[in-house]
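*Asks:* here is my input; please provide its structure:
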Amino acid sequence: PRACRLAIVASSADEFIKKVERTRTQLGDKSEYIDPTGVFYSEAKPATTAEVCFLYPGQGSQYLNMMKDVLVGSAELQDILSSANQALAEFLPEPLSRYIFPPPTFTEEEEKQAFKALSNTRVAQPALGAMELVATDLLARFGINPGMVAGHSYGEHVALYAAGVLDRDELLWLSAMRGQVCADIAADSPGGMAAVQANAQAVADLIKQAELPVYLANMNAPDQTIIAAAETHIDKAVEVINAKGIRAKRIPVSAPFHTPLLEAGSHAMAEHFAKANFRRPVRPVYSNTTGHRHSDQADQIRDLLTRHFSEPVHFEEEIRQIYADGARVFIEAGPGKVLTELTQRILKDQPIVTMAIDVPGRDGWTQLGHALGRAFVVGLPVETSQWYAGRGLSPLGVKEFLVDLDQRTIPKKSDWILGPTKAEPAFSSQKQRD
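*Replies:* Next up, the predicted model:
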């Protein structure tokens, strides 16, 4: 017999039965099978925790009510957000959670204003930090932990927390400080960034040829490079690049991040980093700045993170290095699927599995269920008991379940049978039938 793993995600018994029947029809002799409605099957060698990389997204992944569904269903996760509210109270005019989960909006303009408030750099970065803490704890509750970690831009700070370099309070404090520094720098050095659908070398050649005063800021994927420039130059750069037949589009940020134009920000963050207690990593953590693994020396990590603010993000190189170091399962531990999709494009010809635990516009528990189903089929030690926590349910083996089912079918004295013309006590009807 072949060793195999099958996971089916269903919201009702009827849906489950239909998916079982469809799977029996479709599976055949396939060794791998995925039905996007929630069926996962694999005969591959099980993955290990050492092969799992958590990816933490940066600014731009935030959205209103992110991860709300899973938060509503877990008091423990709500406690994380309550702690973040307290830790950041002195930095924000309102509780952090009020920006993430604002009062209901009834017009497009109200929703636009609420999103604008959340996307303010002073708010967005600590908001992402808090929700990525929630995501990390959520995955751990289901038995899923990383063997290595990485982040994109701001997300690298959360990766350092997940690697044990920073503690939770330090992460939240540094997130608030970084948001403030970004906002201050944006006011002093206004600029912008644009996404270009081309690889870094092609964009660099074009910039040089057109003599554009712009910088390569993020080398994200083989088909995406982010450029940045002062406000007076970024629109011109977008115009010139589009005229060359390469698609370029501005992205909603207010400063040319990850460029030498923000060197003052690196100096400001150096002062804040000096006040934090950087520790030796407990698992591999990777650097946007070098595209390689961080040193085990805390002082070297601090120095490199200082440079991170005003130097390019080498995300494509970083993901390739993480794969070379043994990662085969990439899980986006936070809102959205930006890094999931970038990783798929970077490693499109490699045998990897990518998962997003949260997708905007999709029911949170459904998406989480799909991610856990996929994780189980990959071979990770998914602990399903957490799914049923707080529902008053008890685990049952097959024999116990059948006994319980029998007992449930025996009528009680309080039960009645409703017929088309009359109702009668179920207990007496049972006695008559006996």
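*Asks:* from here on, contacts and neighbour counts on C-alpha atoms
*Replies:* Noted.
*Asks:* Ala264 and Lys68, how far apart?
*Replies:* According to Cα to Cα, to the nearest Å, Ala264 and Lys68 sit 36 Å apart.
*Asks:* same thing with Leu133?
*Replies:* 14 Å.
*Asks:* what does Ala150 give?
*Replies:* 24 Å.
*Asks:* the two: who's more crowded?
*Replies:* Taking other Cα atoms under 10 Å, Ala150 and Lys68 do not tie; Ala150 has more neighbours (30 against 17).
*Asks:* now that one: phi and psi?
*Replies:* Here the main-chain torsion angles of Ala150 (degrees, to the nearest 10) amount to phi -160, psi 160.
*Asks:* next: Tyr286.
*Replies:* Dihedral angles for Tyr286 - degrees, to the nearest 10 - are phi -110, psi 150.
*Asks:* and it, how many neighbours?
*Replies:* By other Cα under 10 Å, the residues close to Tyr286 number 27.
*Asks:* likewise for Arg302?
*Replies:* Neighbours of Arg302 (other Cα under 10 Å): 19.
*Asks:* same question for Ile319.
*Replies:* Neighbours of Ile319 (other Cα under 10 Å): 26.
*Asks:* could you say which helix or strand contains it?
*Replies:* Using DSSP states H and E, Ile319 sits within helix 315-324.
*Asks:* what does that helix contact?
*Replies:* Under the criterion Cα atoms under 8 Å, 6 or more residues apart in numbering, residues 152, 218-222, 286-288, 290-292, 343, 346-347 lie in contact with helix 315-324.
*Asks:* again with stretch 33-43
*Replies:* For stretch 33-43, contacts defined as Cα under 8 Å, 6+ apart pick out 2-10, 19, 23, 27, 31-32, 370, 373-374, 377-378.
*Asks:* I'd like to know which of the residues you listed are buried.
*Replies:* 4-10, 19, 23, 370, 373-374, 377-378 (16 or more other Cα atoms under 10 Å).
*Asks:* any chance you could map the helices in the stretch 301-434 of the chain?
*Replies:* 315-324, 338-346, 364-378, 398-409, 426-433 (DSSP state H, counting those that start in this stretch).
*Asks:* quick one: average pLDDT of the second one?
*Replies:* The average of the pLDDT scores along helix 338-346 is 97.
*Asks:* what ranges does the stretch 51-200 of the chain have for its helices?
*Replies:* With DSSP H, counting those that start in this stretch, the ranges of helices along the stretch 51-200 of the chain come out as 68-72, 75-87, 96-100, 108-119, 121-141, 155-162, 168-188, 200-210.
*Asks:* would you reformat these as a markdown table and include distance to Pro46?
*Replies:* Converted to a markdown table, these look like this (distance: least, Cα to Cα, whole Å):
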| stretch | distance to Pro46 |
| --- | --- |
| helix 68-72 | 27 |
| helix 75-87 | 29 |
| helix 96-100 | 37 |
| helix 108-119 | 40 |
| helix 121-141 | 18 |
| helix 155-162 | 24 |
| helix 168-188 | 32 |
| helix 200-210 | 36 |
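*Asks:* quick one: residues contacting Arg250.
*Replies:* For Arg250, the contacting residues are 192-195, 235, 238, by Cα under 8 Å, 6+ apart.
*Asks:* switch the residues you listed over to CSV; also include pLDDT.
*Replies:* Converted to CSV, these look like this (pLDDT from 0 to 100):
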residue, pLDDT
Gly192, 90
Met193, 93
Ala194, 95
Ala195, 95
Asp235, 92
Val238, 95
